[in-house]
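A.B. asks: Generate coordinates for the sequence data below:
(chains A and B)
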Amino acid sequence: MAFKVYPFVKVTDSITGEVFHRPWVPIRIVNPKDKSKFIQAQALLDTGADECVFPKFTADQTGKDVIKDASGSKEMQGVGDAKIPVWFHSFIVQILTPDMKEVFWSSKEITVNVVAHDEILPILGFKNCLGHFKITFNYASKRVIVDDKPGV
Amino acid sequence: MYNTEDEITINIKTQNPDSNWVTVDEHGKMISEGKTPAEAIEKAKKISDNFSVIFVPKEGESYIF
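C.D. replies: The predicted structure is shown next:
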């Protein structure tokens, strides 16, 4: 099968009881130098992001120091005037199947931007990731469909 | 139509309103929570080797990443 269907993650606010949903997919972030070091997380498919950006804990949990072990750094343009400092790290990024038991798609070793804080969830952007897929966001059925053999 | 048999529905509801991160097991069941991902992960590792980390958005907050 060339596509996978991911139900939105359902979040219930602990104070108000309000229910809302998010279109996230499960990923595994692997240290390519030591594949026993990895972390799994739910990631945002961000069609507005040019590149992938990960929070600090993804480096911490794969045995890297976000600043000392970086191969470089730069500032990315955020919303408005905000410039966001990021550090470059090599990872293998794998999108898991909806049941999180298998790997649906795996990147090669790629360079990912990592921020020095944990105020964001992992963001999958166009370069090195979303550019491989046809992605359908069905907000009515609360499902994301990821197709890795999209054709036209 | 597609097969939905392998779908896992993840439901998140934290006990502590200050928890910004949770972990879920391979069945989508919440197993730990914490103010930081490190805190949630540390708790999860005592229970399971197979878990996934999730950011918890707050109702009433608007996010743009």
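A.B. asks: Now do the strands in the chain.
C.D. replies: As the question left the chain open, I've gone with chain A. For chain A, the strands defined by DSSP state E cover A:3-7, A:9-12, A:19-22, A:24-30, A:38-45, A:53-54, A:73-77, A:83-96, A:103-114, A:123-124, A:134-138, A:143-147.
A.B. asks: meant chain B, my bad for not saying
C.D. replies: B:11-12, B:21-24, B:30-34, B:52-55.
A.B. asks: Which strands and helices lie in contact with the third one?
C.D. replies: Contact partners of strand B:30-34 among helices and strands, from 3 or more Cβ pairs under 8 Å, 6 or more residues apart in numbering or on different chains; DSSP states H and E: strand B:21-24, helix B:37-45. In this view, the C-beta of every residue, glycine as well, is placed from N, C-alpha and C.
A.B. asks: Would you reformat these as JSON lines and include mean neighbour count, mean pLDDT and distance to chain A?
C.D. replies: Shown next, in JSON lines, are the helices and strands packed on strand B:30-34 (neighbours: other Cβ atoms under 10 Å in any protein chain shown; pLDDT from 0 to 100; distance: least, Cβ to the nearest Cβ, whole Å):
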{"stretch": "strand B:21-24", "mean neighbour count": "26", "mean pLDDT": "94", "distance to chain A": "8"}
{"stretch": "helix B:37-45", "mean neighbour count": "18", "mean pLDDT": "96", "distance to chain A": "4"}
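A.B. asks: so can I have TSV of those showing distance to residue A:21?
C.D. replies: As requested, the helices and strands packed on strand B:30-34 are exported to TSV (distance: least, Cβ to Cβ, whole Å):
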stretch	distance to residue A:21
strand B:21-24	15
helix B:37-45	21
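A.B. asks: show me where pLDDT drops low in the chain?
C.D. replies: By default, I'm working from chain A. Where chain A drops to pLDDT under 70, the residues are A:1, A:152.
A.B. asks: my bad, the chain I had in mind was chain B
C.D. replies: Scanning chain B for pLDDT under 70 picks out the ranges B:1-7, B:59-65.
A.B. asks: follow-up on the earlier one: turn the strands of chain B into TSV, columns for distance to residue B:45.
C.D. replies: Formatted as TSV, the strands of chain B follow (distance: least, Cβ to Cβ, whole Å):
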stretch	distance to residue B:45
strand B:11-12	19
strand B:21-24	9
strand B:30-34	9
strand B:52-55	11
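A.B. asks: Ok, which of those comes nearest residue A:91?
C.D. replies: Within the strands of chain B, the stretch nearest residue A:91 is strand B:52-55; the backing value is 14.9 Å (Cβ to Cβ).
A.B. asks: Not counting that closest one itself, show me its contacts.
C.D. replies: Contacts with strand B:52-55, where a contact means Cβ atoms under 8 Å, 6 or more residues apart in numbering or on different chains, come from A:9, A:24, A:26, A:39-42, A:57, A:100, A:120-121, B:10, B:12, B:20-24, B:37, B:40-41.
A.B. asks: With stretch B:11-28 instead?
C.D. replies: Residues from elsewhere that reach stretch B:11-28 (Cβ under 8 Å, 6+ apart): A:9-12, A:14-15, A:99-101, A:118, B:8-10, B:30-37, B:39-41, B:43-44, B:47-48, B:50-56.
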